[in-house]
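A.B. asks: Just the structure for this:
(chains A and B)
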Number of protein chains: 2
Amino acid sequence: TRLGEDWIFLVLLGITMALVSWTMDYASAKSLQGSGIPELKTILRGVVLKEYLTLKAFIAKVIGLTAALGSGMPVGKEGPFVHIASICAAVLSRFMSFFSGVYQNPYCYTDILTVGCAVGVGCCFGTPLGGVLFSIEVTSTYFAVRNYWRGYFAATFSAFIFRVLSVFNKDAVTITALFRTNFRMDFPFDLQELPAFAIIGIFCGFLGAFFVYLNRQVVLFMRRPNAMTRFLTKHRLLFPAVVTLIIATLTFPPGFGQFMAGELMPRECINSLFDNFTWTKISGSPPPVGLGRSAAWLHPNVSVFVILVLFFLMKFWMSAVATTMPIPSGAFMPVFILGAAFGRLVGEIMATLFPHGIVFDGILYRIIPGGYAVIGAAALTGAVTHTVSTAVICFELTGQISHILPMMVAVILANMVAQGLQPSLYDSIIQVKK
Amino acid sequence: TRLGEDWIFLVLLGITMALVSWTMDYASAKSLQGSGIPELKTILRGVVLKEYLTLKAFIAKVIGLTAALGSGMPVGKEGPFVHIASICAAVLSRFMSFFSGVYQNPYCYTDILTVGCAVGVGCCFGTPLGGVLFSIEVTSTYFAVRNYWRGYFAATFSAFIFRVLSVFNKDAVTITALFRTNFRMDFPFDLQELPAFAIIGIFCGFLGAFFVYLNRQVVLFMRRPNAMTRFLTKHRLLFPAVVTLIIATLTFPPGFGQFMAGELMPRECINSLFDNFTWTKISGSPPPVGLGRSAAWLHPNVSVFVILVLFFLMKFWMSAVATTMPIPSGAFMPVFILGAAFGRLVGEIMATLFPHGIVFDGILYRIIPGGYAVIGAAALTGAVTHTVSTAVICFELTGQISHILPMMVAVILANMVAQGLQPSLYDSIIQVKK
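C.D. replies: Next up, the predicted model:
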């Protein structure tokens, strides 16, 4: 079933869903909005947030997240999943404390929450290792190696079950990566391409810092007391409804959406950005075999570059605004898509600059723009969250490790730039909420 | 140039090298024997080991390690590399302290040594990520996330330079993994193979614990005061010389070595164990194209199973004994090879049990014994060192991440068994040296 065949239905559905999700949240507790990672970081530092890790919050968050994801907004599930997993961990430990005194130990509680975070990230994408490392980087300053082991254990089994379920569900034939890529392995990239990878890293650093800045400015603007924000505070349902309406209208596929691959779902979007084609070289009909959903990026009258740039610019502010809405929403996935689009753009530019590929040892190797997209995704998410383990998440998501070294270099460069300019997205949210 | 064309030359060379290396060590400091990881763990816990991190120790260790590796003994370079990198870090920080007061801070010293460990492991195999995680798991109980970032940074650049140098050296066409595998990616394994992977994990747990036990018994035996050990203590050169002589004679390719793939260097050994063939199905001549050095495992009159079992048994005691010799020697690589051989054995047995492969959805997928070898290598090294990051090292070494979930399950199972039975190899050495 394709998204957006009928735009009235789409917009109405989106608004309904956003409202359901927002209402659910508001009904149970205000603190359930947003990602959940900043709150968990605060809890792990010793601040007590009341009613944040209860069964009631769990139910509200699950329904709210489902509705928010269903609304088609550019929001992710990683952050809320961390919250949900932590609630599970906290509730389980409270339940276990009837049987064993170990679970009443306050240290144990912290350990359990840390592991909960790891499981949340790990099972969200089926990336156990990246999940553990990401949760450690995001939530801790010092941590115990025993929690690394526990997180590794728990996240492996959760990812395992997640992927086995998808096999039973006939989504996949066997346990494979979520966004499996298929780049050539014998010569994944040439050393001469390294400067391009470094440029992706540095630019992603600036873009990531700007994303955090934009996100904070939107929140601060909505807080400033003036006629409009007073009106919006009075009619709380309006803000998400208006945002949803605008975004849904703009991405409406037969309208403006056709110039920004609006018909693609987030998952299709990533899969097509990571594909093995060089879009600038596809011309005429029929399209090559196996192009599949990537065809959405090709417009008969508009250049691929224009579409990629439009997609990036529009999705950039949409993601920054959507993640400020009072609904359960993670920023990881939208930023990941943005990074992939940016990387792809650089890759396509490189493929145009070197139309015949790069010569090495007398053999001509063509540029793989998909590889650039993977590197861009890792670098931008790394810059926004101030972590380096996004590279690990990328390997696990794509199932290919051939770009490991350039990707790590790009992530490090992105982090160096972003950390110098802005706090991480999570720290920014903590500062604003104080 | 093939190793072991002339066995007299080989044995003489081996003895000479072992003697050189041993003498070098003895001349500079007794503490330079062995791996280096246990000593570093002790230092990071706050014990001061005098003259352990000096330039003199650096020179002695480098020459000693080169000689030890050249002797053809089953010893690795990972442990000594950690020591060498830590010396570099310590000496560099002492040098930098002339310019900046930050480096005189004792906390900074610990940080620098932690990063030194990470770089040592990372650049040894070109596995930055696994190197960081391995060094954290092995040396720390609690650690700062900032050291994770620093280690990641330093290890990435060292691995990068290491791999770029091999490109300039024309060893590789571009930056690739050290032991690159080429398994099929569309269907790496079937869910029905999971019990076999779990069995590898559990058995590797027992084998790893037994390896640690055997290694300690050899050390304790050599310490017990009796006529033989008194004699050996008097003539210190004798012990390594005798061990080298026995091992070199046994692995001598045209002799007994032909039944245990004696002609393969450690690197060729790993590459052939990870190859894409099913050895039990290769019969008659000529051998298939691309078999290469794997031919050493095929004997015209002896079954592959016998050769694999013999190889495993012989190398098992050889590695346990060789790593007790007073020369710079790591145990990681020998254990890695042992694990790969064990995994391959299970894989070949599976391929014999299911000669036509496993049916899924009407398509017949054959068993890949090389995948079992990778899992075995990760599980056994994990069991011996009590770490789970060996799985990460394996991904980076092979450049393929398709077996991630079964590998992580196997490593966890191996750790559960091994941690219940014996301390880790490094803790065992610390206990014995006390």
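A.B. asks: Any residue of the helix or strand hosting A:C117 touching chain B?
C.D. replies: In this assignment (DSSP states H and E), A:C117 forms part of helix A:106-125. No - contact of helix A:106-125 with chain B (C-beta under 8 Å from any C-beta of the partner chain) is absent, the minimum separation being 10.5 Å. Where you see a C-beta, it was placed from the backbone N, CA and C, and this is true even at glycine.
A.B. asks: buried ones in that helix?
C.D. replies: Within helix A:106-125, the residues scored as buried using 16 or more other C-beta atoms under 10 Å in any protein chain shown are A:108-125.
A.B. asks: Return the list of helices and strands in contact with it.
C.D. replies: Packing contacts for helix A:106-125, counted by 3 or more C-beta pairs under 8 Å, 6 or more residues apart in numbering or on different chains; DSSP states H and E, involve helix A:37-44, helix A:78-96, helix A:128-139, helix A:145-168, helix A:390-398.
A.B. asks: Output those in TSV, with mean pLDDT appended to each entry.
C.D. replies: What follows is these, written out as TSV (pLDDT from 0 to 100):
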stretch	mean pLDDT
helix A:37-44	81
helix A:78-96	83
helix A:128-139	84
helix A:145-168	79
helix A:390-398	86
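A.B. asks: Number of residues surrounding A:L55?
C.D. replies: By the criterion of other C-beta atoms under 10 Å in any protein chain shown, A:L55 has 12 neighbours.
A.B. asks: can you pull the contacts of it?
C.D. replies: Residues counted as contacts of A:L55 (C-beta atoms under 8 Å, 6 or more residues apart in numbering or on different chains) are A:87, A:91.
A.B. asks: redo that, cut-off 7 Å
C.D. replies: If you count contacts by C-beta atoms under 7 Å, 6 or more residues apart in numbering or on different chains, A:L55 has them with A:V91.
A.B. asks: From A:F274, how far off is it?
C.D. replies: Separation of A:L55 from A:F274 (C-beta to C-beta, to the nearest Å): 38 Å.
A.B. asks: go on, A:R267?
C.D. replies: As judged by C-beta to C-beta, A:R267 and A:F274 stand 11 Å apart.
A.B. asks: And the strands in chain A, which stretches?
C.D. replies: Taking DSSP state E to define them, one finds strands in chain A at A:142-144, A:358-360, A:363-365.
A.B. asks: In the stretch 201-350 of chain A, which residue sits closest to chain B?
C.D. replies: Nearest residue of the stretch 201-350 of chain A to chain B (C-beta to the nearest C-beta) works out as A:G201 at 11.8 Å.
A.B. asks: helices or strands next to the lengthiest helix in chain A in the packing?
C.D. replies: In chain A, assigned by DSSP state H, the helix with the most residues is helix A:194-223. In terms of contacts (3 or more C-beta pairs under 7 Å, 6 or more residues apart in numbering or on different chains; DSSP states H and E), helix A:194-223 is packed against helix A:304-322, helix A:332-353, helix A:369-385, helix A:404-421, helix A:425-433.
A.B. asks: okay, the residue of chain A positioned farthest from its centre: pLDDT?
C.D. replies: In terms of distance from the mean C-alpha position of chain A, A:G362 ranks first, at 40.4 Å (C-alpha atoms, centre = their mean). pLDDT recorded at A:G362 is 71.
A.B. asks: Look up how far chain B lies from it.
C.D. replies: A:G362 sits 11 Å away from chain B, going by C-beta to the nearest C-beta, to the nearest Å.
A.B. asks: Tell me if I'm right that A:S319 and A:P334 touch.
C.D. replies: Yes - counting by C-beta atoms under 7 Å, A:S319 does reach A:P334; the two are 3.7 Å apart.
A.B. asks: and for the two, which residues touch both?
C.D. replies: Counting by C-beta under 7 Å, 6+ apart, the contacts common to A:S319 and A:P334 are A:P74.
A.B. asks: What is the end-to-end distance of stretch A:350-362?
C.D. replies: Using C-alpha to C-alpha, to the nearest Å, the end-to-end distance of stretch A:350-362 comes to 20 Å.
A.B. asks: How far away from the center of its chain is that stretch?
C.D. replies: Computed by C-alpha atoms, centre = their mean, to the nearest Å, the chain-centroid distance of stretch A:350-362 equals 32 Å.
A.B. asks: buried sites along it?
C.D. replies: A:350-351, A:354, A:357-358.
A.B. asks: just these now: which is nearest chain B?
C.D. replies: Nearest to chain B out of the buried residues of stretch A:350-362 is A:I358 (C-beta to the nearest C-beta; 10.1 Å).
A.B. asks: hey, what's the closest one bridged with?
C.D. replies: In this entry, A:I358 is beta-bridged to A:Y365, by DSSP bridges.
A.B. asks: Now do the contacts for it.
C.D. replies: A:I358 neighbours (C-beta under 7 Å, 6+ apart): A:190, A:192-193, A:365.
A.B. asks: I'd say A:Q258 and A:H299 touch.
C.D. replies: Yes - if you go by C-beta under 7 Å, A:Q258 and A:H299 touch, sitting 6.4 Å apart.
A.B. asks: Is there any residue in stretch A:135-149 that contacts chain B?
C.D. replies: Yes - with C-beta under 7 Å from any C-beta of the partner chain as the criterion, chain B is reached by stretch A:135-149 at A:136-137, A:140-145, A:149.
A.B. asks: Show the buried residues in those residues.
C.D. replies: For those, a neighbour count by 16+ other C-beta under 10 Å gives the buried set as A:136-137, A:140, A:143-145, A:149.
A.B. asks: thinking again about what came up before, more crowded one of A:R267 and A:F274?
C.D. replies: A:F274 (26 against 13).
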